[in-house]
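Asks: Structure for this input, please:
(chains A and B)
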Amino acid sequence: DTEVTQTPKHLVMGMTNKKSLKCEQHMGHRAMYWYKQKAKKPPELMFVYSYEKLSINESVPSRFSPECPNSSLLNLHLHALQPEDSALYLCASSQAFLRGPNYEQYFGPGTRLTVT
Amino acid sequence: AQRVTQPEKLLSVFKGAPVELKCNYSYSGSPELFWYVQYSRQRLQLLLRHISRESIKGFTADLNKGETSFHLKKPFAQEEDSAMYYCALSGQGSNYQLIWGAGTKLIIKP
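Replies: Prediction:
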């Protein structure tokens, strides 16, 4: 299995809702990433997990809470989001992050999030 | 400061014409350079990385350290090449996150 999967594909939530995005990979990768992508813009890094530990938090607001329960799974918990948080949320994985050269990042198809 | 510049937001060429998507970078050291592509309704995927020196789907890219450039080239464009192309850089040291260019939308006209 050489794919990164993400669920759900689409999500519409109100500003008071709590929801979660899920990402899964079975390639044995030990680095996993969350990105936010606005239309026609490059991905913006949010979080990096390396060996299930949070390595990078790019000053992301606390209404976004990442979780890495195991080496194959990455979640992004959402709470009290704002309309400007509407975007495509991409998950990616790579063989490693801090312990060697930068391996290729494999991206999931993304979750299209709309905050109303 | 680390920076990747893609000067063209949009590039439109006719099918069969040569294509060159420009990428310039700023980095004090030896970075690793990548081209990623995002076709309509498809996931972002790696097209090329400079260390592999491959030709993928007819595209090539050469790292020019003197000009700090990593332009993407294809001699004969095909309609299926229409997509968003991002140049990205990875630095050295302990931080390997990707620094992304703004992207170039490539449209191949029939």
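
Asks: And for residue 2, the neighbour number?
Replies: Assuming you mean chain A. 7 (other CB atoms under 10 Å in any protein chain shown). All C-beta spots, glycine's among them, are computed from the backbone N, C-alpha and C.

Asks: Chain B, not that one
Replies: 15.

Asks: list the contacts for it?
Replies: B:25-27, B:31, B:89, B:91, B:99 (CB atoms under 8 Å, 6 or more residues apart in numbering or on different chains).

Asks: Of the residues you listed, grab the buried ones for PyMOL.
Replies: To isolate the buried ones among the contacts of B:Q2 in PyMOL, judged by 16 or more other CB atoms under 10 Å in any protein chain shown, type:
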select buried, chain B and resi 25+27+31+89+91+99
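
Asks: What is the nearest of the contacts of B:Q2 to B:S69?
Replies: Comparing these against B:S69 with CB to CB places B:Y25 closest, at 7.5 Å.

Asks: residues touching B:Q6, list them.
Replies: B:Q6 touches B:21-23, B:85-87, B:101-104, counting by CB under 8 Å, 6+ apart.

Asks: Check the residues you listed one by one and keep those near chain A.
Replies: With CB under 8 Å from any CB of the partner chain as the criterion, the contacts of B:Q6 include B:86, B:101-103 near chain A.

Asks: which secondary structure elements does the helix or strand where A:M32 lies contact?
Replies: Taking DSSP states H and E as the definition, A:M32 sits inside strand A:31-37. Applying 3 or more CB pairs under 8 Å, 6 or more residues apart in numbering or on different chains; DSSP states H and E, one finds that strand A:31-37 contacts strand A:18-25, strand A:44-50, strand A:73-79, strand A:87-94.

Asks: right, and the helix or strand after the last one?
Replies: Beyond strand A:87-94 in the direction of the C-terminus, DSSP H and E gives the next helix or strand as strand A:106-107.

Asks: Can you give the strand pairings for whatever helix or strand comes next after that following strand, parallel or anti for each?
Replies: Counting by DSSP H and E, the next helix or strand C-terminal to strand A:106-107 is strand A:111-115. When pairing is defined by DSSP bridges, strand A:111-115 lines up against strand A:10-13 (parallel), strand A:87-94 (antiparallel).

Asks: Please consider this matter closed, and thank you.
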